[in-house]
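A.B. asks: this one's sequence-less:
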């Protein structure tokens, strides 16, 4: 070809090459999108609204009740008014959104796995992340339970049968003995530390998807929009997704609305019918005007809580199995750090209102073992093995199955246990997978099943003749310490806390161990008390902070706080991500004085739910534990 024909062909070739380069560039941008590029997409309105049917709360706005104490606007950020959701979207995400619609069907098929994953992330707003089928994933999965499990799987004790609850799973199994936990892995050095206070309305997509975009500012005027100091830690732990308190609340809602499997075999009883009637009455609870000592702002829905509590008092019957050799069964310790399980067992065994000697009229069946006694009696020192402890519990369950028909009727779903030892989740997660487990170690990564299991408050009891020492503390105007922590150095969070704050700032009293008298004096003189995890997510400091009028600052990722079924923890506690330790002071200073006063007043109001009494009183910690067990049983019962 010569002349015009040749020139025409040459021009066509150049055009084809140009189109190809543009197309390839689009694909490259999608594959290698800039993780830290900041490009504001304006204010995105969140669709995460609190459901009226469960909590009776209109939305996630941080403005408080119109008639709130002190008549102030109690925004967590001070006088900023209603906090709107502000989600930063990276350039890569915007390019993806634009190019996604321009790709051909064939290209989408060729890149299906990548594009589908990104599309799901972009469209996600309120739903929990779908389960990851790749068992080797480095991130844990927030997984809704499979609703098609067979009855055969249930008989085998498959923990994945659906009861309408949520479980957070990690792919790697943690070594069983706490002293053997590996602690020498470096964290990601490049990811910026994002300042985070749970009392916000922002939907943190980075938290849900483990992505490393730039900051999402959550602290108003005091927000650190630049990277806070990088954290290197010497803990060897599996990096998984962190579920904030706001996301926990949403997952709890999902567990309440999940339908139970049709394949589940259940031989209905009169007790099941009573529970279903109670569920209907709780869901349709009328608004109470006289709250009889209860303070409405600290609850999700005070009317539902009060109605549920009344029905528990009127209806609930618990059967305690007589089987089991002492001291593992029926003889718990009543002093020490694990005393919660002991005091609950003691008070329930002495109770005449709820306990029945006729198992056929029972709504719940109590397995009266002490996880602390089990460890003392059977654990072989330095063996790093739970096998003999599990076998002992397995033999007990087999005996219960053989002597009674009640376990087999529901595969143990109407049975419960109360255990405070660190190892209890590992010891019971398979043998008692369907039971309601009240656990101090309420860790989503350790198999705690939200909507079924109960978070047990850990309380350090100094004497078997329990008597709370002098309650309360100094008034707010005389609490001159901004934040206080003292304790043993175990786990990976506490050493980091001291690394960044010990002797670094006069407002931050962060130290190692203190004498008891000095420890209590500091709690009574501090505005905020840091409840930092040790080996496990739980700590007695949470209850101690509430007892001494100090606002708890929970520094323990994926910890499910006690009584979350009815208490709105965001109203009286602060949740800080472990990665935000370097920015701790800025986070606390971002809370206005007025907001602090409101929260401190609420800490005093919620205190009655965290006190042990030698003779149980209404709404005390014994009754609240029992209520959480009752409440979870009511809301996992299927329509008959």
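C.D. replies: Cool, got the structure. In this text the structure is predicted, and so the values were computed from the model without any measurement. Residues are numbered from 1 along each chain as shown.
A.B. asks: quick one, what contacts residue 392?
C.D. replies: Taking Cβ atoms under 8 Å, 6 or more residues apart in numbering, we find residue 392 in contact with 328, 374, 378. Yep, even glycine has a C-beta here, placed from its N, CA and C like the rest.
A.B. asks: let me see the ranges of the strands in the stretch 301-450 of the chain.
C.D. replies: 318-320, 364-366, 415-419, 436-439, 449-450 (DSSP state E, counting those that start in this stretch).
A.B. asks: any idea how far residue 400 is from residue 429?
C.D. replies: Distance of residue 400 to residue 429, computed by Cβ to Cβ, to the nearest Å: 18 Å.
A.B. asks: do residue 577 as well
C.D. replies: Going from residue 577 to residue 429 by Cβ to Cβ gives 26 Å.
A.B. asks: nearest to residue 441, out of the contacts of residue 392: which one, please.
C.D. replies: Ranked by distance to residue 441 (Cβ to Cβ), the contacts of residue 392 are led by residue 374 at 14.3 Å.
A.B. asks: need the pLDDT of the residue nearest to that closest one when sequence neighbours are not counted.
C.D. replies: Nearest residue to residue 374, sequence neighbours excluded (Cβ to Cβ, 6 or more residues apart in numbering): residue 328, at 5.1 Å. Looking at residue 328, its pLDDT is 98.
A.B. asks: what sits against residue 328?
C.D. replies: Residues in contact with residue 328 (Cβ under 8 Å, 6+ apart) are 369, 370, 373, 374, 377, 378, 392.
A.B. asks: count of neighbours near the fourth one?
C.D. replies: Neighbours of residue 374 under the rule other Cβ atoms under 10 Å: 24.
A.B. asks: three-state assignment of the closest residue to residue 572 other than its chain neighbours?
C.D. replies: Nearest residue to residue 572 in three dimensions, chain neighbours excluded: residue 602, at 3.9 Å (Cβ to Cβ, 6+ apart). The three-state assignment at residue 602 reads helix, by DSSP: H, G, I helix; E, B strand; the rest coil.
A.B. asks: neighbours of residue 602, how many?
C.D. replies: Neighbourhood size, residue 602 [other Cβ under 10 Å]: 19.
A.B. asks: need the contact list for it.
C.D. replies: Residue 602 makes contact with 295, 297, 298, 571, 572 under the criterion Cβ under 8 Å, 6+ apart.
A.B. asks: separation between the first one and residue 616?
C.D. replies: Just to be clear, that refers to residue 295. According to Cβ to Cβ, residue 295 stands 20 Å off from residue 616.
A.B. asks: same thing with the last one?
C.D. replies: Taken as Cβ to Cβ, the spacing of residue 572 relative to residue 616 amounts to 23 Å.
A.B. asks: quick one: which of those two has more around it?
C.D. replies: The neighbour count for residue 572 versus residue 616, taken as other Cβ under 10 Å, is higher for residue 572 (23 against 18).
A.B. asks: hmm, the more buried one is touching residue 551, no?
C.D. replies: Yes. Here residue 572 reaches residue 551: they are 7.0 Å apart, a contact under Cβ atoms under 8 Å.
A.B. asks: and for these two, which residues touch both?
C.D. replies: 599, 603.
A.B. asks: settle this for me: residue 570 is touching residue 244, isn't it.
C.D. replies: No. Between residue 570 and residue 244 there is no contact under Cβ under 8 Å: 10.0 Å.
A.B. asks: residue 292 - how many residues pack around it?
C.D. replies: Each residue near residue 292 was counted by other Cβ under 10 Å, and the total is 8.
A.B. asks: cool, residue 632 as well?
C.D. replies: Per other Cβ under 10 Å, the neighbour tally for residue 632 reads 25.
A.B. asks: next, it: secondary structure please.
C.D. replies: helix.
A.B. asks: so it makes contact with residue 452?
C.D. replies: Yes. Between residue 632 and residue 452 there is a contact under Cβ under 8 Å: 5.8 Å.
A.B. asks: overlap in contacts of those two?
C.D. replies: With Cβ under 8 Å, 6+ apart as the test, residue 632 and residue 452 both reach residue 436.
A.B. asks: ok, residue 412 - contacts?
C.D. replies: In this structure, residue 412 makes contact with 397, 432, 433, 434, 435, judged by Cβ under 8 Å, 6+ apart.
A.B. asks: one more time with 6 Å, if that's ok
C.D. replies: Neighbouring residues of residue 412 by Cβ atoms under 6 Å, 6 or more residues apart in numbering: 434, 435.
A.B. asks: with residue 456 instead?
C.D. replies: Applying Cβ under 6 Å, 6+ apart to residue 456 gives the contacts 340, 420, 438, 439, 440.
A.B. asks: repeat the analysis, applying 7 Å as the threshold.
C.D. replies: Going by Cβ atoms under 7 Å, 6 or more residues apart in numbering, residue 456 touches 340, 418, 420, 438, 439, 440, 562, 625.
A.B. asks: and those residues, which is closest to residue 484?
C.D. replies: Closest approach to residue 484 among the contacts of residue 456 (Cβ to Cβ): residue 562, at 21.2 Å.
A.B. asks: the closest one looks like it's in a strand, true?
C.D. replies: No. Using three-state DSSP, the secondary structure at residue 562 is coil, not a strand.
A.B. asks: may I have the phi/psi pair for it?
C.D. replies: With angles defined as degrees, to the nearest 10, residue 562 sits at phi -60, psi 150.
A.B. asks: over to residue 526?
C.D. replies: phi -110, psi 150.
A.B. asks: distance check, it against residue 551.
C.D. replies: For residue 526, the distance to residue 551 - Cβ to Cβ - is 9 Å.
A.B. asks: picking up where we left off before, of all the strands of the stretch 301-450 of the chain, which one is nearest residue 273?
C.D. replies: Per Cβ to Cβ, nearest to residue 273 of the strands of the stretch 301-450 of the chain: strand 364-366, 15.0 Å.
A.B. asks: run me through the strand neighbours of that closest one, direction for each.
C.D. replies: Looking at strand 364-366 with DSSP bridges, its partner strands are strand 318-320 (parallel), strand 415-419 (parallel).
A.B. asks: quick check: mean pLDDT of it?
C.D. replies: According to the model, strand 364-366 has a mean pLDDT of 98.
A.B. asks: what does stretch 275-292 give?
C.D. replies: Here the average pLDDT along stretch 275-292 is 88.
A.B. asks: make residue 1 into 117 and carry on from there
C.D. replies: OK, 117 is where the count begins now, so the last one is stretch 391-408.
A.B. asks: can you pull out the strands in the chain?
C.D. replies: Assigned by DSSP state E, the chain shows strands spanning 257-260, 282-285, 434-436, 480-482, 531-535, 552-555, 565-566, 570-571, 597-601, 624-626, 642-648, 667-671, 690-691.
A.B. asks: great, nothing more from me.
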